[in-house]
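Student: Make a model of this:
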Amino acid sequence: MFKNKENMFAPLRDLHVMTSAALLSAIAIILGFFKIPVTQLIEIRFSMLPIALSGCLFGPVVGGAVGMISDIGGYLVKPTGPFFPGFTITSMVSGVIFGCFLYRQKPGISRILMSQIVYTIVCGILLNSIWLSILYGNGFVAVIGARFVKEMVMIPINTIMLATIIEPVKRYRRAAS
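Tutor: All right, here's what the predicted structure looks like:
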C-alpha cells in the first residue's frame, strides 16, 4: 500500500485531503448525536460511516486522524458521560482498519464486508467491551456477551450502508479532481 513512511503521511500535506477530512470529522460528530440506545452498554451509532469513508478515500493515517478528531470533538461539543480515552483509541483504530481494507482498492461488497467484520470484531466486540468493562466496573465476559448479538446484527446493516454511499462518494471525488 505504502512504499515508505513518507508516502504514508503524504495525504496530511494535501489541502484538499485535510479539508475533506475536516468535513468528514464534522459529519461524524453530528452523526454521533443520532444514536439509538438499547441499554446502558448497547447503542446503535452511525458515526462509523464518515470515518470509514475517510479511510477509504485518504488511507489509514487520515482515517485514524478523523476517528480521533471526531471522538474528541463529539465529546467537546456534547459530552454524554465521562471522557474515556479508550473510545478515542477505538475510533482511531476503526479509521485505520477501513483505510487498510479500502484505500486504493475497488470497494466491492466482499471487501466492504471483510472490513466490517474486522471492524466489528476488533472495535465493536473486543475494544469497546474492554472499555465499557473498565468504565462501568462490569465483568468483561458479561459485557461482551451483551454486546455480541448487537454487533452481529449490525454487520449487514453497516455493510449495506457503507456499500450504498462509498461508490457515489468515490465517483464524486474523481469527478471533482
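Student: shaky segments in the chain?
Tutor: The chain contains residues with pLDDT under 70 at 1-6, 40-43, 173-177.
Student: Which helix runs longest in it?
Tutor: In the chain, taking DSSP state H as the definition, the longest helix is helix 140-176.
Student: what's it packed up against?
Tutor: Here helix 140-176 touches helix 48-58, helix 109-119, helix 128-136, going by 3 or more CB pairs under 8 Å, 6 or more residues apart in numbering; DSSP states H and E. C-beta here means a position set from N, CA and C on the backbone, and glycine is covered the same way.
Student: for these, which one sits closest to Val38?
Tutor: helix 128-136 (13.1 Å; CB to CB).
Student: Next, the residues that contact that closest one from outside, please.
Tutor: Helix 128-136 is contacted by residues 40-41, 82, 84, 86-87, 90, 138-140, 142-144, 147 when judged by CB atoms under 8 Å, 6 or more residues apart in numbering.
Student: Distance from the chain centre to that helix, please.
Tutor: 18 Å (CA atoms, centre = their mean, to the nearest Å).
Student: on that earlier part again, relative orientation of the longest helix of the chain and helix 128-136 in degrees?
Tutor: 120 degrees (axes from the mean of the first three to the mean of the last three CA atoms, to 10 degrees).
Student: Next, the buried residues of helix 140-176.
Tutor: Within helix 140-176, the residues that count as buried by 16 or more other CB atoms under 10 Å are 143-144, 146-147, 150-151, 154-155, 158-159, 161-163, 166, 169-170.
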